[in-house]
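J.: just coords:
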């Protein structure tokens, strides 16, 4: 079993998923439900550490670790780190959602329209500065990359 760190949605108790209790279900006879050991809640947040990165095209991806840079120095820019539940939620709220062929993908606003690498970097920096003002993201453990001034 793949044991993950979880946090109760009601009492915010953090523990491993294996520590949750199996209790008899009130709705389905003969079945059990996993509940928080502290308050009995049945739902939790997935606290698995994740990384978000973006490509020069503006495409944002999320995973366990960012892909390695290529030999020529090209590669993704890590833009944020945090628990899976919070990173997905916050980036989904902040990023532009793709349309047409890009449907279902997250994009950094302004980057796909930029003509030069400098303009793309400036658009990414502005967007990250705008996102970093979120108190909710900080409270939920999401940290955004700070762009160096050029």
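T.: Perfect, I can see it now. Please read these numbers as outputs of a predicted model, since none were measured by experiment. Numbers count the residues shown, from 1 in each chain.
J.: so what's residue 16 bridging to?
T.: When bridges are assigned using DSSP bridges, the partners listed for residue 16 are residue 5.
J.: number of nearby residues for it?
T.: Each residue near residue 16 was counted by other CB atoms under 10 Å, and the total is 11. For the C-beta atoms, the positions are set from N, CA and C on the backbone; glycine is no exception.
J.: One more: residue 47?
T.: Residues contacting residue 47 under the criterion other CB under 10 Å number 20.
J.: Same check on residue 4?
T.: Each residue near residue 4 was counted by other CB under 10 Å, and the total is 13.
J.: residue closest to the middle of this protein?
T.: Geometric centre of the chain, nearest residue: residue 87, 2.0 Å, by CA atoms, centre = their mean.
J.: Which helix or which strand is home to that one?
T.: When elements are assigned from DSSP states H and E, residue 87 belongs to helix 84-94.
J.: ends of stretch 129-141, how far apart?
T.: 17 Å (CA to CA, to the nearest Å).
J.: Going along the chain, name the helices of the protein.
T.: For the chain, the helices defined by DSSP state H cover 84-94, 117-131, 135-139.
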